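K.L.:
Generate coordinates for the sequence data below:
(one chain, ligands or ions: 1)
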Amino acid sequence: MPVEREGPNGATLHEVKAGDASQLEIASNLFLKIFPEDKRYLPYLYACTRGRHPSHPYTLDHVWLVQQAGEWVGLRIFSHITNRAFGHGAYIGFTSRARSQGLGGWLVEQTLAQLDEDARQFGKSGTLGYLVEIERPIDAGSTEERAENEKRLQFHRRCGAILLPVPFMEPVMIEGVDYISTAELQDEQPRPMHLVLIPSKAGAALQNLDIVDFVHGLYLDVYRLPKDHPFIKSALSYVLS
Ligand SMILES: CC(C)(COP(=O)(O)OP(=O)(O)OC[C@H]1O[C@@H](n2cnc3c(N)ncnc32)[C@H](O)[C@@H]1OP(=O)(O)O)[C@@H](O)C(=O)NCCC(=O)NCCS
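P.N.:
Numbering: from 1, shown residues only. Model (predicted):
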């Protein structure tokens, strides 16, 4: 499945590259508009526009913009994990006026197509899909937040989401990155999340999912936690006991 640069209602897809100052500005403005509560992670977006970043040695990163009717309306940040047959989806979001017209579903398909290409570039036959961490409605602090979390979960379910049966804690940030200091994240706490696979066709056809591979890919290769980290032990406690 090739990456389609044109989507629903005339939407177009654009890859943001580190050297392109105007696209970087558009991407950061969109990020702040759609994810205002994640402002401190903006340096992560910049890092991902480099494709390969020394602080993310096991991922090939992408930052995409979506334009529709002359307006920048969508942002996607995701990575192929270079030594695995799957990826990680960090952010997907649209401005409110661009939601509910099928752009999200289309962007998920394009992500899978790109991950397929990336996996082949790294010697795999294709991608199994990508992992996402989704807020659990049960942890919401208000009715509005719960409804929002339900909606996100519903969107991913429509995209074929498989909820992996492991207790999962989301680390605050990738370990040891050189662009955000520990001090800047001192108010952040790890959060329990659903760990979810958005499968490609090949991933959806698997008889058995290798949960250990998924957990290791995300914790060791994306977040770069040490092998004996309590989050890894906890996530695999049921699987390996
Ligand atoms: C979650 C999110 C990315 C989904 O994107 P989206 O473009 O709205 O997703 P889709 O349009 O593909 O599907 C969503 C809705 O559109 C409907 N839809 C899909 N195709 C459609 C079409 N051609 N015409 C009309 N409606 C359509 C779907 O049935 C669904 O219905 P809903 O109204 O019950 O939500 C978007 O809501 C968003 O940006 N949210 C804020 C950021 C966020 O929470 N990101 C996820 C975590 S990083």
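
K.L.:
Can you show me the helices along the protein?
P.N.:
Taking DSSP state H as the test, the helices found in the chain are 21-34, 42-48, 103-121, 143-158, 201-204, 211-216, 230-240.

K.L.:
worst-scoring helix or strand of this protein, pLDDT-wise?
P.N.:
For the chain, the helix or strand with the lowest mean confidence is helix 230-240, at a mean of 92 (criterion: mean pLDDT, DSSP states H and E).

K.L.:
Which elements pack onto that helix?
P.N.:
Packing partners of helix 230-240 (3 or more Cβ pairs under 8 Å, 6 or more residues apart in numbering; DSSP states H and E): strand 168-170, helix 211-216. (C-beta placed from N, C-alpha, C; glycine too.)

K.L.:
Nearest to the ligand among these would be which one?
P.N.:
strand 168-170 (11.9 Å; Cβ to the nearest ligand atom).

K.L.:
For the closest one, give the mean pLDDT please.
P.N.:
Across strand 168-170, pLDDT averages out at 98.

K.L.:
now stretch 66-84
P.N.:
In the prediction, stretch 66-84 has an average pLDDT of 97.

K.L.:
Relative to the whole chain's centre, how far out is it?
P.N.:
Chain-centre distance of stretch 66-84: 10 Å, with Cα atoms, centre = their mean, to the nearest Å.

K.L.:
do it and the ligand meet?
P.N.:
No: using Cβ under 6 Å from any ligand atom, stretch 66-84 never reaches the ligand; the gap is at least 7.4 Å.

K.L.:
distance between the ends of that stretch?
P.N.:
Stretch 66-84 stretches 27 Å from its first residue to its last (Cα to Cα, to the nearest Å).

K.L.:
Can you give me the pLDDT of Met1?
P.N.:
Reported pLDDT for Met1: 68.

K.L.:
Closest residue of this structure to the ligand?
P.N.:
Counting by Cβ to the nearest ligand atom, the chain gets nearest the ligand through Gly104, at 2.5 Å.

K.L.:
show me what contacts that residue?
P.N.:
92, 94, 155, 159 (Cβ atoms under 8 Å, 6 or more residues apart in numbering).

K.L.:
Pull up the residues of the chain that are close to the ligand.
P.N.:
Counting by Cβ under 6 Å from any ligand atom, the chain sits next to the ligand at 8, 34, 91-94, 99-105, 152, 155.

K.L.:
If you rank these by neighbours, which is first?
P.N.:
Across those, the neighbour count under other Cβ atoms under 10 Å reaches its highest value at Ile92, namely 24 neighbours.
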